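K.L.:
Need coordinates for the following:
(2 chains)
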Amino acid sequence: MTKRWLIALGLLASVLSWQAHAELVIEITGGSEAALPIALVPFGSEGFTAPLDMSEVIRNDLAGSGRFAPLPKQDLISQPHEQAEVNFADWRLLRSEGLVIGKVSSVDGQTYDVQFQLFDVYKAQQLVGKRYQVPASGLRRLAHQIADQVYQALTGEIGVFATRLAFVTVINNADGSKRFALQVSDADGANPRTVLQSKEPIMSPNWSPDGDRLSYVSFENGKTEVFVQEMTSGRRDSVAAFKGINSAPSWSPDGKKLALTLSKGGNPEIYVLELASGNLSRVTHNSQSIDTEAVWLPNSNNLLFTSDRGGRPQIYKVSVDGGTASRVTFEGNYNSSPDVSPDGRFLAMVHGISGKYYIAVQDLASGAVQVLTETGRDESPSFAPNSRMILYATERNGKGVLAAVSVDGRIKQRLGEAGIDVREPAWSPIRK
Amino acid sequence: MKVIKLLTVSLILIGLAGCSSLGSSKKDSDAMQNGDVSIEDRNADSSGLEGGKAYGSDVNSERQVIVGEDGYSDSQFNDPANPLSHRIVYFDYDSSSVRPQDLPILEAHAAYLSARPNVTIRVEGHTDDRGSREYNLALGERRALAIRQILMLQGAGINQFQVTSYGEERLAAEGYDESVWSKNRRVELTYLGR
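P.N.:
Got it, this is the predicted structure:
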């Protein structure tokens, strides 16, 4: 082997190891025509260099949402950090509707004072103005929270930049083995951290309503098993390890129960597990069919789930107390992986059309179905907590990647290309 | 330098793997001439396996080694002409129906098991990687249970089975067409020991 080859391989190896830690980066692949022009002035920090460029984080959040068109930095006419320095006429000339300014200061280098203001440029009015004290480690999260406030003030919708994503990554080792990892990152893909690593598959992460716990399926003991893991302490408990399948966990709206799929009775059925007591109640009783993937309808005692009781997988609705299930999906001969928007209006699902699988959304009131994606290899839809976007898994260049699409199909984002397989995304609730 | 050494070692390993796969391809083509076995070559981009037509042979797969390690040096497991050498059964899309051509294989395994009540077998269901992972997990189990039922109807005892589903989490082949998908829709039989 020549030396050149060895060097090339060495480079390849370092690229691969770099990619294993690379962050997901949001890229807009289809934007809204009505993106709102906004000016984001880099926050002032007198006499010291702030540990984080907060306005850059805010800029990326707003641009990444597809709803805003931040002015390029070189077009910023001036760099005001306080209201007295703002000349609204200048910003009107730039056709910027919103203006965000702010400053960061620190007395001791430990605690940071951050203030920001959002102005309506045309009315020359402050819309939001706030002041915070945070440690250095809190600056990034605060930047996302500021972006949320700007988003909400200008769109009227709840911002979700300060939320998190859970997902599973897969690395193929040189010896043919795989390394699965359950990871949690900020909603913009930054700050990824591994909460579980295994040589065996990990599936179906699902956030508790308070965002403090994740339930998931792990094959670490040679078969499926459902775990609940606390995010802060890392403590984890096996909550279902029966004979057969233990899978598809989904939290109840009050965070006290999990809907599960268990086949301990010989056939996959939906059960509800009360976490504190361990009490298990069976919801479905259909010994001929696959019943799985239950999700709770918001503020209700009803579940949606996938069943092939009619011959092919479709989505049905049933009370957690059991009883007759009613069919919810009728379009197409393959509908699975239901997820319900937190506002209860929409059902996202995997929709099969002649052997290809897309993310589709069904208006639960009208029953109208819209297919939102194109690749034919799209799966695992998960609603953003503001019901506006749907995160899902797809493939690009033979690798699993995450993507997001707005419920109306107009805004498309790719969270990519980390260079490793990414799958099974779950968008966290809004942190209190 | 350590990295380079490691890489060299892994390259040698890759080279060895390449050699062994060449060897197995030859065996496969011999088997093909018998007219009853198709290729199950994980290294090939495409193979002679037509979706829905043939069951595969795992004579060259790692399962052979596992059986050997567990004390199953029994020659009938390794003789391609013996149905016991076939320990993977394939399925049609979204189906758990056993194909008629696979029945002789299952009959042979059932006879083996019923003659040896202390032998246990792992029945592992798999699917292709399209559609919902959770639904596929259930479908993999349904396939494994269909195989177990046939083996039990022909004399194997219920305590001789360990049924598991991996759904689409352990693919035998990766790709985007029916020749790949058909290799993944399978149940693998593994003898666990006496």
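
K.L.:
what residue ranges in chain A are flagged as low confidence?
P.N.:
Residue ranges of chain A with pLDDT under 70: A:1-23, A:28, A:30-33, A:416-418, A:432.

K.L.:
Could you chop it up by domain?
P.N.:
Domains of chain A are assigned by automatic domain parsing as A:25-155, A:164-427.

K.L.:
how about the strands in chain B?
P.N.:
Listed in chain order, the strands of chain B (DSSP state E) span B:88-90, B:120-126, B:161-167, B:186-193.

K.L.:
now those as a markdown table including mean pLDDT, mean neighbour count and distance to chain A?
P.N.:
(Glycine included, C-beta is placed from N, CA and C.) What follows is the strands of chain B, written out as a markdown table (pLDDT from 0 to 100; neighbours: other Cβ atoms under 10 Å in any protein chain shown; distance: least, Cβ to the nearest Cβ, whole Å):
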| stretch | mean pLDDT | mean neighbour count | distance to chain A |
| --- | --- | --- | --- |
| strand B:88-90 | 97 | 25 | 17 |
| strand B:120-126 | 96 | 23 | 9 |
| strand B:161-167 | 96 | 22 | 5 |
| strand B:186-193 | 91 | 20 | 12 |
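
K.L.:
and among the domains of chain A, the most buried is which?
P.N.:
Greatest average neighbour count among those goes to domain A:164-427 (a mean of 19), per mean count of other Cβ atoms under 10 Å in any protein chain shown.

K.L.:
what's the first-to-last distance across that domain?
P.N.:
With Cα to Cα, to the nearest Å applied, domain A:164-427 spans 6 Å between its terminal residues.

K.L.:
Also stretch B:75-88?
P.N.:
End-to-end span of stretch B:75-88 (Cα to Cα): 18 Å.

K.L.:
Kindly report the same for stretch A:183-192.
P.N.:
7 Å.

K.L.:
what residues does that stretch touch?
P.N.:
With contacts defined as Cβ atoms under 8 Å, 6 or more residues apart in numbering or on different chains, stretch A:183-192 is touched by A:21, A:23-26, A:57, A:60-61, A:64, A:140-141, A:144, A:160-169, A:193-195, A:214, A:231, A:415, A:427-428.

K.L.:
could the domains of chain A go into TSV alongside distance to B:V163?
P.N.:
Output for the domains of chain A, formatted as TSV (distance: least, Cβ to Cβ, whole Å):
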stretch	distance to B:V163
domain A:25-155	42
domain A:164-427	7
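
K.L.:
Looking at these, spot the one closest to B:L103.
P.N.:
domain A:164-427 (22.7 Å; Cβ to Cβ).

K.L.:
and the stretch 51-200 of chain A, which of its residues are near chain B?
P.N.:
Within the stretch 51-200 of chain A, the positions near chain B by Cβ under 8 Å from any Cβ of the partner chain are A:174-175.

K.L.:
need the strands for the stretch 51-200 of chain A, in chain order.
P.N.:
Under the criterion DSSP state E, counting those that start in this stretch, strands of the stretch 51-200 of chain A are mapped to A:68-70, A:98-105, A:111-120, A:125-135, A:164-172, A:178-186, A:193-198.

K.L.:
thinking again about what came up before, relative to B:I88, which of the domains of chain A is closest?
P.N.:
domain A:164-427 (18.1 Å).

K.L.:
Now do the contacts for the residue lying closest to A:Q362 once chain neighbours are set aside.
P.N.:
Nearest in space to A:Q362, with sequence neighbours left out and distances taken as Cβ to Cβ, 6 or more residues apart in numbering or on different chains, is A:L347 at 4.4 Å. For A:L347, the contacting residues are A:304, A:315, A:328-329, A:338-341, A:361-362, A:364, by Cβ under 8 Å, 6+ apart.

K.L.:
List the ones among these that fall in strands.
P.N.:
In strands, judged by DSSP E, the following of these are found: A:304, A:315, A:338-340, A:361-362.

K.L.:
Could you single out the nearest of the residues you listed to chain B?
P.N.:
Nearest to chain B out of the ones in strands among the contacts of A:L347 is A:P338 (Cβ to the nearest Cβ; 9.5 Å).

K.L.:
That closest one contacts A:F305, doesn't it?
P.N.:
Yes: look at A:P338 against A:F305 with Cβ atoms under 8 Å: they come within range, at 7.0 Å.

K.L.:
and for these two, which residues touch both?
P.N.:
In contact with both A:P338 and A:F305: A:293, A:295, A:315, using Cβ under 8 Å, 6+ apart.

K.L.:
what sits against the first one?
P.N.:
Residues counted as contacts of A:E293 (Cβ under 8 Å, 6+ apart) are A:248, A:261, A:305-306, A:336-338, B:132, B:134-135.

K.L.:
nearest to B:D102, of the residues you listed?
P.N.:
For the contacts of A:E293, the nearest to B:D102 is B:Y135 (23.5 Å; Cβ to Cβ).

K.L.:
Find the helix or strand that the residue nearest to A:R235 when sequence neighbours are not counted is a member of.
P.N.:
Excluding the flanking residues, the one nearest A:R235 by Cβ to Cβ, 6+ apart is A:Q229, at 7.0 Å. Element membership for A:Q229 (DSSP states H and E) is strand A:225-230.

K.L.:
and the next helix or strand after that strand, what does it pack onto?
P.N.:
Using DSSP H and E, the next helix or strand after strand A:225-230 towards the C-terminus is strand A:236-240. If you count contacts as 3 or more Cβ pairs under 8 Å, 6 or more residues apart in numbering or on different chains; DSSP states H and E, strand A:236-240 packs onto strand A:225-230, strand A:246-251, strand A:257-262.

K.L.:
quick one: contacts of strand A:236-240?
P.N.:
With Cβ under 8 Å, 6+ apart as the test, strand A:236-240 has contacts from A:196, A:215, A:225-230, A:246, A:249, A:258, A:260, A:262, A:273, A:275.
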